[in-house]
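Visitor: with the sequence up front, the predicted model follows.
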Amino acid sequence: MHRKLVFALAAVFLIIALTVPPVLVILQTNNTIFKYIIPSVTPVQGHTNITIVITPQERSSYNMAIISAAIIGVVFIVLFAVTIYIGINHIHPKH
């Protein structure tokens, strides 16, 4: 592969590593608190003091999203580092 292609691949890995983990955590958080935003499904509808209680299942789901995001981030950062290393140390064969 040519250097430009290797560096483009490294850029793709970096973009994935920087965008996917936060998106996973944000989507999981929105999924958890979304039911409290819509008034028709709020457990204490009509009261002025709304308490948001996160169930253990929601907490474990949120923790799993954080762990998954961390694993994805680390894997793609390692892939980024490897492709940068290959791109820098690439010796082009003579034609």
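Guide: Perfect, thanks for sending it.

Visitor: would you map the helices across this protein?
Guide: 3-37, 56-88 (DSSP state H).

Visitor: angle of the worst-scoring helix or strand of the chain on mean pLDDT against helix 56-88?
Guide: Least confident helix or strand of the chain, by mean pLDDT, DSSP states H and E, is helix 3-37 with a mean of 86. For helix 3-37 against helix 56-88, the angle by axes from the mean of the first three to the mean of the last three C-alpha atoms, to 10 degrees is 170 degrees.

Visitor: and helix 3-37, what does it pack onto?
Guide: Here helix 3-37 touches helix 56-88, going by 3 or more C-beta pairs under 8 Å, 6 or more residues apart in numbering; DSSP states H and E. Where you see a C-beta, it was placed from the backbone N, CA and C, and this is true even at glycine.

Visitor: helices or strands up against the helix it packs on?
Guide: helix 3-37.

Visitor: which ones are touching the spatially most central residue of the chain?
Guide: Taking C-alpha atoms, centre = their mean, the centroid of the chain lies closest to P21, which sits 1.2 Å from it. Each residue near P21 by C-beta atoms under 8 Å, 6 or more residues apart in numbering is listed here: 69-70, 72-73.

Visitor: which of these are buried?
Guide: By neighbour count, with 16 or more other C-beta atoms under 10 Å, the contacts of P21 hold 69, 73 as buried.

Visitor: just flag the most distant two among the contacts of P21.
Guide: By the measure C-beta to C-beta, A70 and I72 form the most distant pair in the contacts of P21, at 7.4 Å.

Visitor: circling back to that earlier point, next, the buried residues of the least confident helix or strand of the chain.
Guide: 6-7, 9-10, 13-14, 16-17, 21, 24-25, 28, 32, 36.

Visitor: what is the nearest of the residues you listed to I84?
Guide: For the buried residues of helix 3-37, the nearest to I84 is A10 (5.0 Å; C-beta to C-beta).
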